[in-house]
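1. Have a look at this fold, sequence not included:
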């Protein structure tokens, strides 16, 4: 994953762009009927159940919109919530609260849904040594939020983007002329560019696992769309030579069986691309 500094920059970009998109030259609904001097208080009301996520992000949004806004947190990120819970209160300029409202809700509703689904998968893996990973199947422009939500839910982050890890998938391998050539070219490229990046190589079958194992310096082998039986065989073949990851259509019904095959990681795009937002509201008090 990217550095903490880069992650914070990503969040700043998200907030700045979202406020630009939503507010434009002014929140004319609020400017028209609420005096600039008016102060108010609002609460983040939970109307669903699951894992709350995005409270710390909401604080960043309020700070960006108006540093004089005061946030009183009652429920922290990662905590279970139910209908009727109040996650926080925000008080200060009424206009400022309303300016930040939609970004806070949009982010928290999606982040909480992702954290809830991730936490469900984590519970399904309880008792195994397998960890759940996210993917790059995220919403363009808000990847940092969605990957943050996965962490809040108890999952682990895969690479953040194309630049912080090498992942040689089927198309890379085919375009490069085969697995061995793809690995060799990659290692030469990294050495030439003086880049210290981990290398993951995708295998489509057991024969490809054997070929990958002939090369040194591989961080993880991705077992793509393997059966349970072949996954067990692959894990045995790989041993402690590198880490293992299962991927490809794995769902809540099959995830436990793949974990019991002994893989180190299971990656799931469904953590971020197939979720229903948690129902949250920001209500004036």
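-> Thanks, I have the structure now. Computed from a predicted model, the values in this text were never measured in an experiment.
2. end-to-end on stretch 272-285?
-> 33 Å (C-alpha to C-alpha, to the nearest Å).
3. now that stretch, how far from the chain's geometric center?
-> 17 Å (C-alpha atoms, centre = their mean, to the nearest Å).
4. Within the sheet, what are the partner strands of the helix or strand harbouring residue 43, with directions?
-> Following DSSP states H and E, one finds residue 43 within strand 39-46. Next to strand 39-46 in the sheet, as set by DSSP bridges, lie strand 86-93 (antiparallel), strand 280-284 (antiparallel).
5. Tell me which of those strands lies nearest to residue 25.
-> Distance to residue 25, taken as C-beta to C-beta, is lowest for strand 86-93 among the strands paired with strand 39-46, at 18.3 Å. In this view, the C-beta of every residue, glycine as well, is placed from N, C-alpha and C.
6. which residues are contacting that closest one?
-> 36, 38-46, 52, 55, 58, 62, 66, 68-75, 81, 97, 100, 280, 282, 285 (C-beta atoms under 8 Å, 6 or more residues apart in numbering).
7. Could you give me the buried positions within the next helix or strand after that strand?
-> Sequence-wise, the next helix or strand downstream of strand 86-93 (DSSP H and E) is helix 94-124. For helix 94-124, the neighbour count (16 or more other C-beta atoms under 10 Å) marks 94-122, 124 as buried.
8. From the chain's centroid, how far away is helix 94-124?
-> That offset, for helix 94-124, works out to 12 Å (C-alpha atoms, centre = their mean).
9. Stretch 63-71 now?
-> On C-alpha atoms, centre = their mean, the centre of stretch 63-71 falls 26 Å from the chain's centre.
10. same check, this time on stretch 183-190
-> 28 Å.
11. And the residue lying closest to residue 277 once chain neighbours are set aside, how far from residue 278?
-> Sequence neighbours aside, residue 109 is the residue nearest to residue 277 in space, at 3.9 Å (criterion: C-beta to C-beta, 6 or more residues apart in numbering). Residue 109 is 5 Å from residue 278, where distance means C-beta to C-beta, to the nearest Å.
12. What's the local residue count around residue 250?
-> Using other C-beta atoms under 10 Å, residue 250 has 21 neighbouring residues.
13. before we move on, what SS does it have?
-> Classification of residue 250 using DSSP: H, G, I helix; E, B strand; the rest coil returns coil.
14. got a pLDDT number for it?
-> Note for residue 250: predicted pLDDT of 93.
15. ok, it to residue 164 distance?
-> 24 Å.
16. Residue 197 now?
-> 7 Å.
17. again, but for residue 130
-> 23 Å.
18. more crowded one of these two?
-> Between residue 130 and residue 164, counted using other C-beta under 10 Å, the more crowded position is residue 130 (22 against 14).
19. Bridged to residue 46, which residues?
-> Per DSSP bridges, the residues bridged to residue 46 are residue 280.
20. what's the answer for residue 132, then?
-> In beta-bridge terms (that is, DSSP bridges), residue 132 pairs with residue 266.
21. what do you get for residue 80?
-> residue 51.
22. what about it, neighbour count?
-> Neighbour number of residue 80 under other C-beta under 10 Å is 12.
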